[in-house]
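**Q** Okay, structure incoming, though there's no sequence with it:
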């Protein structure tokens, strides 16, 4: 799988989360991840990390380096930043899907 072919999808997933479209974000996850993390749990984990009173999440930046086995998504804020680590991807029905994710900075 080419890394560049999934870059727009993973950024779009986290923009959807920041905008609160959890069903759309959940649909971009693998079936395995969906089984472990339903829409409610996805929303709860994200909102535990980025509370509703956070304000605008800006900037949203990808740190994707060939030497890393993961993608680090920086979510900026006025006071501090958070991150989501996308640990792995899979192909399902010809579509790249997020297969493992960690919420919060390491």
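**A** Cool, the structure landed. These numbers come from a predicted model, not from an experiment.

**Q** Check the burial of the residue lying closest to residue 13 once chain neighbours are set aside by counting its neighbours.
**A** Leaving aside its chain neighbours, residue 13 sits nearest to residue 28 (4.7 Å; criterion: C-beta to C-beta, 6 or more residues apart in numbering). For every residue, glycine as well, the C-beta is placed using N, CA and C. By the criterion of other C-beta atoms under 10 Å, residue 28 has 19 neighbours.

**Q** Dihedrals phi and psi, residue 17?
**A** Main-chain dihedrals, residue 17, degrees, to the nearest 10: phi -60, psi -50.

**Q** which residues touch residue 60?
**A** Residue 60 makes contact with 11, 14-15, 18, 73-76, according to C-beta atoms under 8 Å, 6 or more residues apart in numbering.

**Q** Select the longest strand from the protein.
**A** strand 82-92 (DSSP state E).

**Q** Quick one: list the elements packing against that one.
**A** helix 7-19, strand 71-75, strand 95-103 (3 or more C-beta pairs under 8 Å, 6 or more residues apart in numbering; DSSP states H and E).

**Q** any idea how far the residue positioned nearest the centre of the chain is from residue 93?
**A** Residue closest to the average C-alpha location in the chain (C-alpha atoms, centre = their mean): residue 14, at 4.4 Å. Taking C-beta to C-beta, to the nearest Å as the measure, residue 14 and residue 93 are separated by 22 Å.

**Q** Hmm, residue 84 is touching residue 14, no?
**A** Yes. Assessed by C-beta atoms under 8 Å, residue 84 is found in contact with residue 14 at 6.1 Å.

**Q** who touches both of these two?
**A** By C-beta under 8 Å, 6+ apart, the residues touching both residue 84 and residue 14 are 73, 75.

**Q** circling back: the residue nearest to residue 13 against residue 14, yeah?
**A** No. Using C-beta under 8 Å, residue 28 is not in contact with residue 14, being 9.8 Å away.

**Q** Run a quick neighbour tally on residue 22.
**A** Neighbour tally, residue 22, other C-beta under 10 Å: 19.

**Q** ditto for residue 32
**A** Residue 32: 13 neighbours (other C-beta under 10 Å).

**Q** tell me which element it is part of?
**A** helix 31-36 (DSSP states H and E).
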